[in-house]
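A.B. asks: Next input, structure requested:
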Amino acid sequence: MDQHRFPLVCSSSPPVLLVGSSSLEKIVAEMGNASSSVKDLNKNEFLKRLVGTEHIPIESDFWDRMLSYKFYPPMSSQDYGTIEDAVLPLLKEFVINDEATGNFSILVRKFVSLKEQQVYEGLHKSFSWPMSNAMFLIRFINKFFIQNLDEKDIERTFERSDITTVSEPVNTLPHVPNVLSNGSSVPAALPSSSGPPLTNGTGPVPPLTPVNSVAPAPQNPSGHANQSFTNGEAISTKTLVSYTNALVDLLIKSSVGDPYYLYEMEAINSLIVLLSVRIYRPDVESESPVSDLLVGTAMTSVAPTLVSRLLINFIQQPKAPGYLLQSNLHGSIVLGLASGLWNALTLKNYRYPPEPESIMALQSIFLLLLLCNNGTQVDNPVRNALFTFGNAEDPAYASNQSNALPFSQLYTRVCEHLRREEVSLLFYYLLHRNKDFNVYILSKTNIDLLILPMLEMLYNAPTASSHHVYMLLIILLILSEDEFFTKTIHELQVKNIRWYKERNLPPMPLGSLIVLVVTRVIQMNITKIKDKYLHNNCLAALANMAGDTKNLHVMACQRLITLFEQLSKRHRKLSEDYRQWSEKADQQSVNPELTLEISIHEEVLRMILEIVNGILYHELPSNANLVHSLLYKKQLFERFRSYPNFQEVVHNIETVLAHFASKMDKNDQNMTVEQVFDIIKQQSMNFSVQRLKKLPNLKFRYVEEEHPEEFFLPYCWTLVYGASTIHWNAEKICIFNALNVVEDELEGEMAAGDDGSIKPQTPLTPEETVVVPV
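C.D. replies: Numbers count the residues shown, from 1 in each chain. Below you'll find the predicted structure:
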């Protein structure tokens with residue numbers, strides 16, 4: 001056993017190579033009589049012939065022999081990158097030679113033909129390793145082509161016409177022996193459940209129709225027309241179209257889970273790779289013939305089913321079969337198979353640890369987000385399908401289940417995985433653009449399941465992605481536009497908030513926790529984060545909730561007033577700095593930085609006072625804690641009486657405080673806290689709001705920019721780059737520059753002071769539309 005070498009590509013039918021703790025460099029493979037390491041993959045005879053100068057016709061048995069081996073694709077970007085580095089010389093050679101050989105186009109046609117054959121035989125009657133292998137090879141090669149060729153050349157690699165060459169040379173590659181009793185050259189199915197079966201079936205395999213020929217599509221034995229994405233028509237002569245159609249058809253028809261997990265996973269990853277043509281170009285808005293195929297009008301009929309399938313993957317969180325996880329579990333990559341004996345000795349009692357998170361669910365979300373943001377078409381079928389699907393639990397959708405999903409299950413999954421940035425982005429789309437889902441969410445009485453993980457991430461804003469923080473604030477702003485939501489959050493009691501580290505939080509209303517966390521975000525932004533956009537987003541959400549705020553917890557009251565106090569002190573210092581500067585400077589000169597920073601602070605201070613005024617005006621009797629906290633800090637408001645923009649709101653607040661202070665003065669100065677609160681509660685019932693000036697309700701709403709894909713498409717790709725199972729070469733990616741351009745343009749619209757606070761070119765006013773820069 002010590003000298004046994006495990007084949008990278010073998011002719012037997014074993015399930016898996018268990019490499020233990022060995023590094024990638026120590027994985028040993030056997031190709032015929034020549035052994036090689038992963039770094040020697042470029043010496044593989046099959047691969048060398050594929051990328052060489054010889055045109056290989058689709059009728060050649062080379063394709064069946066090369067694709068009949070069992071290959072498990074890498075399940076991590078690190079392993080993917082290792083394979084890519086190992087075969088880089090072959091990929092470079094293929095870029096040059098394929099123009100003459102057209103072998104890549106033949107490989108694509110072979111896959112489409114295998115897929116049609118599999119549909120003909122029954123997609124779920126058997127597992128086709130040749131088809132699975134072909135998908136991975138195409139994806140792997142296509143990713144390199146897309147990364148290094150312009151889009152017109154990429155189209156040509158798919159559409160190269162058949163090339164007439166000399167007859168095929170004598171085959172010198174290792175022979176794949178017949179292992180089936182019927183003489184088929186396809187390796188036999190595995191007797192164990194350690195992996196998917198290897199055979200396409202035990203019956204005779206019908207001859208394959210070359211993809212570039214026109215032939216009628218096969219019919220089911222039952223006589224019913226096949227429900228393939230090709231809609232029963234002859235395979236298109238447009239190879240790229242046939243390829244994308246086959247991938248989508250395979251994705252929506254494959255059964256969830258083992259053994260057909262590989263079909264769907266490869267289809268998803270292959271579509272992501274096709275869409276990646278956009279990341280290597282700086283212009284987000286320009287047309288892309290390759291990626292736009294997936295959002296064109298031809299997708300209209302299948303888009304609802306595709307969206308449903310991807311969201312079902314998110315809901316069901318399908319786990320990868322254990323044999324696919326060996327790469328991650330053991331720090332090495334599974335590049336082939338050991339012998340059946342080795343499997344019996346090594347894997348018989350081996351139990352694979354559970355997958356931490358569903359890789360397929362993650363990739364499904366990535367694909368859905370990329371499709372929704374791909375292209376500049378107004379009528380993106382995938383986007384429309386995502387924004388219009390209904391609730392399968394609603395009797396109104398009983399007759400249209402193809403365009404409906406169980407909202408309760410989707411809501412549960414969102415709440416469980418909202419800490420993932422891509423899930424937050426998906427939820428943003430559903431909440432903002434899907435009316436049925438928006439109504440469902442805003443009617444939830446257990447909204448705390450959604451809000452608590454959001455608040456936890458906002459609490460940890462300094463360590464989180466800035467874009468993620470923005471998305472969460474946008475979601476909170478959208479929710480705060482609804483009156484039922486703003487009332488419900490103050491009726492729900494929450495407790496055992498373990499992620500709040502500064503002190504143990506007592507039970508409090510969910511609305512109080514929101515105020516506590518959001519004001520903390522603003523406070524940290526002033527002192528630490530110094531971000532240019534957070535203030536307005538936070539304050540807009542708090543302003544929307546002000547009129548329905550009840551029983552605001554004392555901790556939230558103190559945090560809100562402390563924030564005002566800190567800003568007030570900073571404003572006083574800035575004003576004094578400006579006074580001293582103006583005494584020394586020429587009367588004709590100005591200090592734009594100081595002027596801007598003072599105006600920023602004045603605007604934020606006024607917003608806080610507007611929020612306090614809204615609470616006192618609408619819900620004074622149920623906010624004794626706020627009145628009590630204001631009474632102890634009433635001197636804070638005196639200096640703002642002379643500011644024209646503050647006079648009305650300060651007048652209201654001081655009128656309320658004067659009412660309660662006068663009642664306190666008539667009583668013993670040595671009152672207990674309980675006695676003080678009794679007076680506040682009693683006198684709040686006697687106070688008439690008619691004594692206050694009626695100010696406009698401070699309400700804000702969120703709308704997207706006119707071309708949201710200019711930001712969201714680069715943003716989606718940053719998520720894919722950081723977390724998908726595919727390895728990307730950051731040095732060649734241009735789309736991230738587009739994201740920087742969008743942010744620079746936003747910075748031009750929003751001026752910032754040294755403390756990071758923001759100032760729109762025009763002040764925020766009641767009922768103003770808030771376009772939140774993400």
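A.B. asks: Quick check: R520 touching Y459?
C.D. replies: Yes. When contacts are counted by CB atoms under 8 Å, R520 is listed as touching Y459 (6.9 Å). From N, CA and C alone the C-beta is placed, and that goes for glycine too.
A.B. asks: In this structure F111 contacts M131, no?
C.D. replies: Yes. In this structure, F111 is within contact of M131 by CB under 8 Å, at 6.5 Å.
A.B. asks: Neighbour count: the two, which is higher?
C.D. replies: Taking other CB atoms under 10 Å, F111 and M131 do not tie; F111 has more neighbours (28 against 24).
A.B. asks: Name the nearest residue to the more buried one, sequence neighbours excluded.
C.D. replies: A134 (3.9 Å; CB to CB, 6 or more residues apart in numbering).
A.B. asks: Same check on L560?
C.D. replies: Leaving aside its chain neighbours, L560 sits nearest to T519 (5.3 Å; criterion: CB to CB, 6+ apart).
A.B. asks: do the same with E610
C.D. replies: Using CB to CB, 6+ apart and skipping residues adjacent in sequence, the residue nearest E610 is L698, 4.9 Å away.
A.B. asks: what residues are up against that neighbour?
C.D. replies: By CB atoms under 8 Å, 6 or more residues apart in numbering, the contact list for L698 reads A543, N544, A546, M607, E610, I611, G614, P766.
A.B. asks: So, low pLDDT: which residues of the stretch 351-500 of the chain?
C.D. replies: Scanning the stretch 351-500 of the chain for pLDDT under 70 picks out 351-356, 376-378.
A.B. asks: With only the CA atoms kept, save stretch 459-472 in PDB.
C.D. replies: Provided in PDB are the C-alpha atoms of stretch 459-472 (Å, rounded to 0.1, in the frame of the first residue of the first chain):
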ATOM      1  CA  TYR A 459     -24.100  47.600  16.700                       C
ATOM      2  CA  ASN A 460     -20.900  46.100  15.200                       C
ATOM      3  CA  ALA A 461     -20.800  48.700  12.400                       C
ATOM      4  CA  PRO A 462     -17.100  49.600  12.800                       C
ATOM      5  CA  THR A 463     -16.100  46.000  11.900                       C
ATOM      6  CA  ALA A 464     -18.700  45.400   9.200                       C
ATOM      7  CA  SER A 465     -18.700  46.200   5.500                       C
ATOM      8  CA  SER A 466     -19.700  49.800   5.000                       C
ATOM      9  CA  HIS A 467     -22.000  48.700   2.100                       C
ATOM     10  CA  HIS A 468     -23.600  46.200   4.300                       C
ATOM     11  CA  VAL A 469     -24.300  48.800   7.000                       C
ATOM     12  CA  TYR A 470     -25.900  51.000   4.300                       C
ATOM     13  CA  MET A 471     -28.100  48.200   3.100                       C
ATOM     14  CA  LEU A 472     -29.300  47.600   6.600                       C
END
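A.B. asks: Pull the number of nearby residues for K125.
C.D. replies: By other CB under 10 Å, the residues close to K125 number 10.
A.B. asks: How is it classified with respect to secondary structure?
C.D. replies: Judged by DSSP: H, G, I helix; E, B strand; the rest coil, the three-state class of K125 is coil.
A.B. asks: what does H707 give?
C.D. replies: Secondary structure, three-state DSSP: H707 is coil.
A.B. asks: can you check H490 too?
C.D. replies: Here H490 is recorded as coil under three-state DSSP.
A.B. asks: show me the contacts for it.
C.D. replies: The contact partners of H490, by CB under 8 Å, 6+ apart, come to P509, L510, G511, S512, D548, T549, K550, N551.
A.B. asks: quick one: contacts for the residue lying closest to F687 once chain neighbours are set aside?
C.D. replies: Distances taken as CB to CB, 6+ apart place H659 nearest to F687, at 5.6 Å, with adjacent residues excluded. Contact analysis of H659 by CB under 8 Å, 6+ apart lists Q683, F687, R691.
A.B. asks: Need phi/psi at H659.
C.D. replies: Note on H659: backbone dihedrals following degrees, to the nearest 10 are phi -60, psi -50.
A.B. asks: Roughly how far does it sit from K43?
C.D. replies: Using CB to CB, to the nearest Å, one gets 89 Å for the distance from H659 to K43.
A.B. asks: How about K693?
C.D. replies: Taking CB to CB, one finds K693 at 84 Å from K43.
A.B. asks: Show me where the protein dips below the pLDDT cut-off.
C.D. replies: Within the chain, the set of residues satisfying pLDDT under 70 comprises 1-39, 161-237, 326-356, 376-378, 527-532, 585-589, 666-669, 738-774.
A.B. asks: quick one: the strands in this protein?
C.D. replies: Using DSSP state E, the strands assigned to the chain run over residues 29-31, 34-36, 390-391, 404-405, 493-494, 508-509, 701-702, 750-752, 758-760, 769-770.
A.B. asks: what packs against the fifth one?
C.D. replies: Think strand 493-494. The contact analysis (3 or more CB pairs under 8 Å, 6 or more residues apart in numbering; DSSP states H and E) places strand 493-494 against strand 508-509, helix 510-524.
A.B. asks: for these, which one ends up most surrounded?
C.D. replies: Most buried of those, by mean neighbour count (mean count of other CB atoms under 10 Å): helix 510-524, with a mean of 23.
A.B. asks: Against which helices or strands is that one packed?
C.D. replies: Counting contacts by 3+ CB pairs under 8 Å, 6+ apart, helix 510-524 is packed against helix 448-459, helix 466-480, strand 493-494, helix 534-546, helix 554-584.
A.B. asks: Could you look over those and pick the most buried one?
C.D. replies: Ranked by mean neighbour count, these are led by helix 534-546 with a mean of 25 (mean count of other CB under 10 Å).
A.B. asks: Please save the CA atoms from that one in CSV.
C.D. replies: This file holds the C-alpha atoms of helix 534-546, laid out as CSV (Å, rounded to 0.1, in the frame of the first residue of the first chain):
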residue,chain,number,x,y,z
LEU,A,534,-24.7,57.5,7.8
HIS,A,535,-26.2,60.5,9.6
ASN,A,536,-29.1,61.2,7.2
ASN,A,537,-30.0,57.6,6.9
CYS,A,538,-30.1,57.0,10.6
LEU,A,539,-31.9,60.2,11.4
ALA,A,540,-34.5,59.7,8.6
ALA,A,541,-35.5,56.3,10.1
LEU,A,542,-35.7,57.7,13.6
ALA,A,543,-37.8,60.6,12.3
ASN,A,544,-40.3,58.2,10.6
MET,A,545,-40.7,56.3,13.9
ALA,A,546,-41.0,59.4,16.2
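A.B. asks: Measure how it sits relative to helix 466-480, angle-wise.
C.D. replies: 20 degrees (axes from the mean of the first three to the mean of the last three CA atoms, to 10 degrees).
A.B. asks: Export stretch 415-426 to PDB, keeping only CA atoms.
C.D. replies: C-alpha atoms of stretch 415-426 as PDB (Å, rounded to 0.1, in the frame of the first residue of the first chain):
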ATOM      1  CA  CYS A 415     -34.000  36.100   9.300                       C
ATOM      2  CA  GLU A 416     -31.600  33.200   9.900                       C
ATOM      3  CA  HIS A 417     -29.100  34.400   7.300                       C
ATOM      4  CA  LEU A 418     -29.500  38.200   7.300                       C
ATOM      5  CA  ARG A 419     -25.900  38.500   8.600                       C
ATOM      6  CA  ARG A 420     -24.700  37.500   5.200                       C
ATOM      7  CA  GLU A 421     -24.300  40.500   3.000                       C
ATOM      8  CA  GLU A 422     -25.800  38.900  -0.100                       C
ATOM      9  CA  VAL A 423     -28.900  37.900   1.800                       C
ATOM     10  CA  SER A 424     -29.400  41.500   3.000                       C
ATOM     11  CA  LEU A 425     -29.200  42.600  -0.600                       C
ATOM     12  CA  LEU A 426     -31.700  40.000  -1.700                       C
END
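A.B. asks: Which positions within that stretch qualify as buried?
C.D. replies: Within stretch 415-426, the residues scored as buried using 16 or more other CB atoms under 10 Å are C415, H417, L418, R420, E421, E422, V423, S424, L425, L426.
A.B. asks: do you know how far the last one is from L594?
C.D. replies: So that's L426. Separation of L426 from L594 (CB to CB) stands at 43 Å.
A.B. asks: now the fifth one
C.D. replies: When distance is defined by CB to CB, E421 is 37 Å away from L594.
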